[in-house]
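1. The sequence isn't on hand, but the structure is:
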Ligand SMILES: CC(C)(COP(=O)(O)OP(=O)(O)OC[C@H]1O[C@@H](n2cnc3c(N)ncnc32)[C@H](O)[C@@H]1OP(=O)(O)O)[C@@H](O)C(=O)NCCC(=O)NCCS
């Protein structure tokens, strides 16, 4: 190499690709679900039923640092002008890099396009990571369901986000 200009390195992006979930994603989704919600995971059939279902946005994120492997997913259901985030998870090895945020942003944008004005969800009150993520996206505590979760028993906080 002579004294020429430095070659530009290939573009590197940490932004995950987010797209609609499909049947071939189910094995990866079920694996992440088991890892994230060990005591009470959704079965494969629940996810299967949400693919291409009217009124439901079911998306996955592909990890750019893991050859585009599916590393997270989100599910939002709409009814009239309300939406509910039913599930959101990122594989342990892919956390802390904005993937949960990208999924949530995508769910909220798609809900807004469909006319949703307020979005709800339930979360364990000890789930600090999720609570911080939702707060950063404009959710506020709107209520509490006592002993809503089992194994271990814990209250759910009901969070609400009203479209600005
Ligand atoms: C909650 C979850 C989806 C976050 O995914 P993630 O990809 O790690 O989140 P991000 O990297 O996009 O972080 C976005 C914001 O969330 C918050 N956050 C994420 N992880 C956090 C942690 N461990 N502690 C505190 N805040 C955290 C921060 O506000 C962060 O913003 P910042 O990076 O600017 O500080 C992930 O931890 C997860 O899958 N947990 C298990 C499943 C779960 O609890 N799902 C929610 C059920 S309601």
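-> Everything's here; your move. Keep in mind that this is a model prediction, so the values were computed, not measured.
2. Run through the residues of this protein sitting next to the ligand.
-> Proximity of the chain to the ligand (C-beta under 6 Å from any ligand atom) is limited to residues 36, 88-90, 95-101, 123, 127-130, 132-133, 136. In short, each C-beta sits where N, CA and C put it, glycine included.
3. Let's see which of those end up in helices.
-> Filtering those for membership in helices, criterion DSSP state H, returns 36, 99, 100, 101, 128, 129, 130, 132, 133, 136.
4. Which members of the residues you listed are classed as buried?
-> 36, 99, 100, 130, 133 (16 or more other C-beta atoms under 10 Å).
5. for the closest residue to the fourth one other than its chain neighbours, what are its contacts?
-> Read it as residue 130. Using C-beta to C-beta, 6 or more residues apart in numbering and skipping residues adjacent in sequence, the residue nearest residue 130 is residue 123, 5.1 Å away. When the contact criterion is C-beta atoms under 8 Å, 6 or more residues apart in numbering, the partners of residue 123 are 130, 131, 134, 156, 157, 159.
6. Just send those residues back as TSV, with pLDDT and distance to residue 25 too.
-> Shown next, in TSV, are these (pLDDT from 0 to 100; distance: C-beta to C-beta, whole Å):
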residue	pLDDT	distance to residue 25
130	98	22
131	98	27
134	98	24
156	98	27
157	98	29
159	98	26
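7. List just the nearest of the residues you listed to the ligand.
-> When the contacts of residue 123 are compared for distance to the ligand (C-beta to the nearest ligand atom), residue 130 comes out closest, at 3.9 Å.
8. tell me the average confidence for stretch 59-66?
-> If you average the pLDDT over stretch 59-66, you get 93.
9. Next, the residues that contact that stretch from outside, please.
-> Around stretch 59-66, the neighbours that count as contacts under C-beta under 8 Å, 6+ apart are 13-21, 25, 28-29, 68-74, 90-91, 93-94, 97, 99, 102-103, 106-107, 110.
10. Among those, name the ones in helices.
-> With helices identified by DSSP H, the entries of the contacts of stretch 59-66 that belong to them are 28, 29, 99, 102, 103, 106, 107, 110.
11. ok, for the residue of the chain found nearest the ligand, nearest residue in space, not its chain neighbours?
-> Nearest residue of the chain to the ligand: residue 100, at 2.4 Å (C-beta to the nearest ligand atom). If the residues on either side of it in the chain are set aside, residue 100 comes closest to residue 90, at 4.8 Å by C-beta to C-beta, 6+ apart.
12. quick one: the one you found and residue 103 touch, right?
-> Yes. The pair residue 90 and residue 103 passes the contact test of C-beta atoms under 8 Å, sitting 7.3 Å apart.
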